[in-house]
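S.K.: just need the structure, nothing else, for what follows:
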Amino acid sequence: MSQAYAVVAAFEGAVARHVGAEHAVALDNCTNALEMCLRYLKVGDRPDVKVRLPRHTFLSVPMAVMHAGARPEFVNHEWVGQYRLDPYMVWDSAAQLEPGSYQGGLMCLSFQFKKPIPIGKGGMVCTGSSQVADWLRRARYLGRRQSPFPYPLERVTELGWNRTMTPEQAARGLTLLELAPPTKVGSWKDYPDVSVCPVWTK
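M.R.: Take a look at the predicted model:
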């Protein structure tokens, strides 16, 4: 790993300890974190299973479901802080970052400017699985490992995305987490009913 990206690893470690997870993988935003978790779980391979979401959520969440190859199903669910993308153990925890809040599965966080740690942009996946964390680290970096090998010497064996968090974002997040622990928690009341959008039926 390059010296510049060491601060990203430091931020990941700090967030993992804060929520009580074994691993954390930083990404460019929470929407992509959700989509990549669903891709890892291969939800697109099960067309008969729909991903149940609360009607009141951020617009990008059902879009992430569709980009992952699945279909959203909207339900009446009043949530505070986080909710599950049922039936999968993927949690949209964008609206909270409470100490000890990790409860298993794949916990997706947001660092958008309205979120508990407002660095402007960024996301993270917290998990107890080293296998999931390893896949996410490669997938976010074009299938590569963050290593000292120059580009011509590395043989990439799987497709990935360009979805890394920048060191500048991580440094700001690390500072805010240490100096001003997050207290803001969002809920379903902060979001409109996105189920009314006609795009889900296309």
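S.K.: pull the number of nearby residues for Tyr141.
M.R.: Look at Tyr141: counted by other CB atoms under 10 Å, it has 18 neighbours. Heads up, the C-betas are built off the backbone N, CA and C, glycines and all.
S.K.: Pro192 versus that one, what's the distance?
M.R.: Between Tyr141 and Pro192 the computed distance is 34 Å (CB to CB, to the nearest Å).
S.K.: also His18?
M.R.: As defined by CB to CB, His18 lies at a distance of 30 Å from Pro192.
S.K.: so for those two, which sits in the more crowded spot?
M.R.: Here His18 and Pro192 are compared on neighbour count by other CB under 10 Å; more neighbours surround His18, at 21 against 12.
S.K.: helix or strand: which one has that one?
M.R.: helix 6-19 (DSSP states H and E).
S.K.: got the buried residues for the worst-scoring helix or strand of the chain on mean pLDDT?
M.R.: Using mean pLDDT, DSSP states H and E, helix 167-179 stands out as the lowest-scoring helix or strand of the chain, at a mean of 92. For helix 167-179, a neighbour-count test (16 or more other CB atoms under 10 Å) marks 167, 169-170, 172-174, 176-177 as buried.
S.K.: and for stretch 113-125?
M.R.: Under the neighbour-count criterion of 16+ other CB under 10 Å, stretch 113-125 has 115-119, 122-125 buried.
S.K.: one more: stretch 81-90?
M.R.: Residues of stretch 81-90 classed as buried: 81-85, 88, 90 (neighbour count, 16+ other CB under 10 Å).
S.K.: ok, stretch 18-31 next?
M.R.: Residues of stretch 18-31 classed as buried: 18-19, 21, 23-31 (neighbour count, 16+ other CB under 10 Å).
S.K.: from the chain's centre, how far out does the helix holding His18 sit?
M.R.: 14 Å (CA atoms, centre = their mean, to the nearest Å).
S.K.: what mean pLDDT does that helix get?
M.R.: Mean per-residue pLDDT for helix 6-19: 95.
S.K.: which other residues reach the helix or strand that that helix is followed by?
M.R.: Note on helix 6-19: by DSSP H and E, the next helix or strand toward the C-terminus is strand 23-27. Applying CB atoms under 8 Å, 6 or more residues apart in numbering, the contact partners of strand 23-27 are 8, 11-13, 15-16, 33, 36, 122-130, 132-133, 136-137, 140, 163-165, 170.
S.K.: just the buried ones from those residues?
M.R.: Listed as buried from the contacts of strand 23-27 are 8, 11-12, 15-16, 33, 36, 122-129, 132-133, 136-137, 140, 163-165, 170; burial here means 16+ other CB under 10 Å.
S.K.: list the ones among the residues you listed that fall in helices.
M.R.: 8, 11-12, 15-16, 33, 36, 132-133, 136-137, 170 (DSSP state H).
S.K.: can you put those residues in a markdown table and add distance to Ala95?
M.R.: Shown next, in a markdown table, are these (distance: CB to CB, whole Å):
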| residue | distance to Ala95 |
| --- | --- |
| Val8 | 23 |
| Phe11 | 20 |
| Glu12 | 20 |
| Val15 | 15 |
| Ala16 | 19 |
| Ala33 | 14 |
| Met36 | 19 |
| Val132 | 22 |
| Ala133 | 23 |
| Leu136 | 21 |
| Arg137 | 25 |
| Ala170 | 21 |
